[in-house]
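Asker: coords please:
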Amino acid sequence: MDTTSARLIAEVAFPGAAIGLGAGMVAGGVAAVAGLPPGYVVLTTLGLGLPLALFGAGYDLLLASGRIRLGGVTPAVFYWLPAFPLARLFHEAFLDLGLGRGVALPEALPQFVAYQAILSTGFAIGFLWLHEHLGPLWWPRIRDHNPVAARYVHLYTRHAAAMEHRRRAKKRR
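Answerer: Predicted coordinates:
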C-alpha cells in the first residue's frame, strides 16, 4: 500500500476514529468529575478511547467497502454488539496493567459481557447519530481527491433532493 492509499483510507476512517476517541475523552471526563485520581482518568481516557477509535475506524472501513449501509441503525447496532464489549474488556485490562495489578477478567465475565452488549445498543445509536453529523461535515472537504467521500456526498445530495421533492409534492397537495 502506498502513502496515497493509506492517506485516503485514513481520511475515510477519520469520523469513526474521532468519535471513538471522543467517547474515551467523555469517559475520562466523567472519571475526573467523579473525583478519581488523575492516573485513573488518563487510563480510562486511553483505555476506552483507543479501542473505540479502532472500532470506529473499522466501522468506517466496512462502510467504505459497502458491507455496512450508510446511515443504517441495524447494521450499526450489529457492528457494535461485539465491538463495544471487546472495547470494555480491553479497557478493564488496560486499567489493571496501568494500576500495577495483574490483568484479571471480571469475576462475572458472562454477566459483564451481557451487560456491555446491552449498553452497546445505546452506544451504537449515539455513534451513528454523531457519525451522521460529523461525516457530512468532513466528506465534502475531501471529496475532490477521495472517491469514497465523493460517493458519500453524492448519496447524501441525492437523498436531500428526494426529500425536497417529496416536501414540495406534499405542499402542492
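
Asker: So which elements touch the helix or strand bottoming out on mean pLDDT in the chain?
Answerer: Taking mean pLDDT, DSSP states H and E as the measure, the chain has helix 147-172 as its least confident helix or strand, at a mean of 88. For helix 147-172, the packing partners by 3 or more CB pairs under 8 Å, 6 or more residues apart in numbering; DSSP states H and E come out as helix 3-33, helix 109-142. Heads up, the C-betas are built off the backbone N, CA and C, glycines and all.

Asker: As CSV, those with distance to T74, mean neighbour count and mean pLDDT would be great.
Answerer: Formatted as CSV, those follow (distance: least, CB to CB, whole Å; neighbours: other CB atoms under 10 Å; pLDDT from 0 to 100):
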stretch, distance to T74, mean neighbour count, mean pLDDT
helix 3-33, 17, 17, 94
helix 109-142, 9, 16, 95
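
Asker: The ones you listed into CSV, with extra columns for distance to Y156?
Answerer: Formatted as CSV, those follow (distance: least, CB to CB, whole Å):
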stretch, distance to Y156
helix 3-33, 13
helix 109-142, 6
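
Asker: Of all these, which one is nearest R69?
Answerer: For R69, the closest of the helices and strands packed on helix 147-172 is helix 109-142, at 10.9 Å, according to CB to CB.

Asker: what mean pLDDT would you report for stretch 72-91?
Answerer: Summarised as a single mean, pLDDT over stretch 72-91 is 96.

Asker: Can you show me the CA trace of that stretch as PDB?
Answerer: Extracted C-alpha coordinates of stretch 72-91, given in PDB (Å, rounded to 0.1, in the frame of the first residue of the first chain):
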ATOM      1  CA  GLY A  72     -28.300   2.300   8.800                       C
ATOM      2  CA  VAL A  73     -29.200   1.800  12.500                       C
ATOM      3  CA  THR A  74     -29.500  -2.000  12.400                       C
ATOM      4  CA  PRO A  75     -26.000  -2.500  10.900                       C
ATOM      5  CA  ALA A  76     -24.500  -0.100  13.400                       C
ATOM      6  CA  VAL A  77     -26.200  -2.000  16.300                       C
ATOM      7  CA  PHE A  78     -25.000  -5.300  15.000                       C
ATOM      8  CA  TYR A  79     -21.500  -4.000  14.500                       C
ATOM      9  CA  TRP A  80     -21.200  -2.500  18.000                       C
ATOM     10  CA  LEU A  81     -22.800  -5.600  19.700                       C
ATOM     11  CA  PRO A  82     -19.500  -7.400  19.900                       C
ATOM     12  CA  ALA A  83     -17.200  -4.400  19.400                       C
ATOM     13  CA  PHE A  84     -18.300  -2.400  22.400                       C
ATOM     14  CA  PRO A  85     -17.900  -5.300  24.900                       C
ATOM     15  CA  LEU A  86     -14.500  -6.100  23.500                       C
ATOM     16  CA  ALA A  87     -13.500  -2.400  23.900                       C
ATOM     17  CA  ARG A  88     -14.700  -2.500  27.500                       C
ATOM     18  CA  LEU A  89     -12.700  -5.700  28.200                       C
ATOM     19  CA  PHE A  90      -9.600  -4.000  26.800                       C
ATOM     20  CA  HIS A  91     -10.400  -1.000  29.000                       C
END
